[in-house]
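**Student:** Any chance you could fold what I've pasted below:
(one chain, ligands or ions: 1)
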Amino acid sequence: MSDITVIGSNMIDLMTYLDRMPVEGETVSAPEFEMGFGGKGANQAVAASRLGSDVSFISMVGHDNFGKEQLDNFKKSGIDTTGIGVGDCNSGVAPIFVDPSSDNRIIVIKGANNELTPEVLDEYEDKIKNSKLVVLQQEIPLETNYHAIDLAVKNNVPVLLNPAPANKDLNMEYVSKVEFFSPNETELATLTGLPTNNLDEIKVAANALIEKGVGNVIVTIGSKGVLWVNKEHSEIVPGKKVAAVDTTGAGDSFIGSFAHYFTEGESVPEALRDANQYAAVTVTRKGTQKSYPTKAELDEILK
Ligand code: ADP
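**Tutor:** Have a look, this model is predicted:
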């Protein structure tokens, strides 16, 4: 039995650092290239696992070397990989091009992540049933997320849905069934069709989702922390002040660590405070998963 079942994507980030972006038809050589483990589902699973949760990850890797490397990485991070299948195509990859001004261009090829279908989930109903929380994002087919929500609700397991990347087609009927819905400001605007340019507007948009039946809306607002809203309550849980060097993957570290702290028994505001702290540490370090500390590293940093 795992505390947390994460259902979602894994990707290999192919980071190319350029002196300048090539123009159409041009070939340039780049001074630096780096490969990194990514994908929103994978990032969230790794964060929760590094903090000490028993995490089961349901995902699909490709039938290539990247797939093997992903599996190795999950095992090293202590994740239960028995829910990870090998698909019929290549692994999900994200070629990322970054110039010296940090301007970036990103292409996402979902690959095997598209093979995580509702039928695949049926094989793992027991994992869902026996966990304290199911965590979802949106880099796999929407129908798979809908089925995951149905299976979790049927088995009385709460769901945390992080609607990233934003998708206007998300069916609000399913959103109303989740216990925790955690968009950032941009995703909240896309989903509600309302402006989210300041805190007052964010509150109005979050409350519109509460009216639709969502249990708790947790809007991440970068260095400002989060806005937490439910039927009875509305509160800003402030972010920690740090010197940020790289905010890539901050949202995922927040979701994964919130899942950890909440399933460990903390109240929602305690778990939000600790997840803000965890995410703040990750933005002081370069990279995505490699910026996520283990529990021991975190304790050392906060000493
Ligand atoms: P996303 O990466 O999905 O856009 P946010 O930028 O809202 O998500 O960041 C998610 C969480 O990470 C925030 O709620 C906060 O806890 C933390 N965070 C992000 N940026 C900073 C920062 N500059 N300083 C401190 N914490 C940060």
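**Student:** Is there proximity between whatever helix or strand residue 237 lives in and the ligand?
**Tutor:** Residue 237 is part of strand 234-238 when elements are defined by DSSP states H and E. No: Strand 234-238 lies out of reach of the ligand by CB under 6 Å from any ligand atom, never closer than 8.5 Å. To be clear about C-beta, it is placed using only N, CA and C from the backbone, and glycine gets the same treatment.
**Student:** For whichever helix in the chain runs longest, what is the distance to the chain centroid?
**Tutor:** Criterion DSSP state H: the longest helix present in the chain is helix 268-283. Offset of helix 268-283 from its chain centre (CA atoms, centre = their mean, to the nearest Å): 14 Å.
**Student:** Now do that helix against strand 234-238: the angle between them, please.
**Tutor:** 30 degrees (axes from the mean of the first three to the mean of the last three CA atoms, to 10 degrees).
**Student:** Just the buried residues of helix 268-283, please?
**Tutor:** Applying a neighbour-count criterion of 16 or more other CB atoms under 10 Å, one finds 268, 271-283 buried in helix 268-283.
**Student:** would residue 166 count as being in a helix?
**Tutor:** No: under DSSP: H, G, I helix; E, B strand; the rest coil, residue 166 falls outside any helix and is assigned coil.
**Student:** mind listing the helices in this protein by residue range?
**Tutor:** Secondary structure of the chain, counting by DSSP H: helices at 40-50, 65-76, 118-122, 125-129, 142-154, 172-175, 185-192, 199-211, 250-263, 268-283, 295-302.
**Student:** Tell me which of those helices is the most buried.
**Tutor:** helix 40-50 (a mean of 30; mean count of other CB atoms under 10 Å).
**Student:** what about it, average pLDDT?
**Tutor:** Per-residue pLDDT values over helix 40-50 give a mean of 98.
**Student:** The ligand contacts on this protein?
**Tutor:** Counting by CB under 6 Å from any ligand atom, the residues of the chain that sit close to the ligand are 164, 184, 220-223, 225-226, 239-240, 242, 244, 247, 250-251, 254, 276, 279-280, 283.
**Student:** Point me to the residue of the chain nearest the ligand.
**Tutor:** residue 251 (2.3 Å; CB to the nearest ligand atom).
**Student:** In contact with that residue, which residues are there?
**Tutor:** 162, 164, 184, 220, 279 (CB atoms under 8 Å, 6 or more residues apart in numbering).
**Student:** okay, it: pLDDT?
**Tutor:** 96.
**Student:** do the same with residue 106
**Tutor:** You'll see residue 106 listed with a pLDDT of 88.
**Student:** That one contacts residue 95, doesn't it?
**Tutor:** Yes: judged on CB atoms under 8 Å, residue 106 makes contact with residue 95 at a distance of 7.5 Å.
**Student:** what about these two, which has more around it?
**Tutor:** residue 95 (14 against 11; other CB atoms under 10 Å).
**Student:** was I right about that one contacting residue 107?
**Tutor:** Yes: if you go by CB under 8 Å, residue 95 and residue 107 touch, sitting 5.0 Å apart.
**Student:** quick one on the thing from earlier: dump the strand holding residue 237 to CSV, keeping only the CA atoms.
**Tutor:** Output of strand 234-238 as CSV, limited to C-alpha atoms (Å, rounded to 0.1, in the frame of the first residue of the first chain):
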residue,chain,number,x,y,z
SER,A,234,-10.2,32.0,2.5
GLU,A,235,-6.6,32.5,3.5
ILE,A,236,-3.3,33.6,2.0
VAL,A,237,-0.5,31.2,3.1
PRO,A,238,2.6,33.4,2.4
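**Student:** Switch the buried residues of helix 268-283 over to CSV; also include distance to residue 138 and pLDDT.
**Tutor:** Below are the buried residues of helix 268-283 laid out as CSV (distance: CB to CB, whole Å; pLDDT from 0 to 100):
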residue, distance to residue 138, pLDDT
268, 23, 98
271, 22, 98
272, 22, 98
273, 26, 98
274, 25, 98
275, 20, 98
276, 23, 98
277, 26, 98
278, 22, 98
279, 19, 98
280, 25, 97
281, 26, 97
282, 21, 96
283, 22, 95
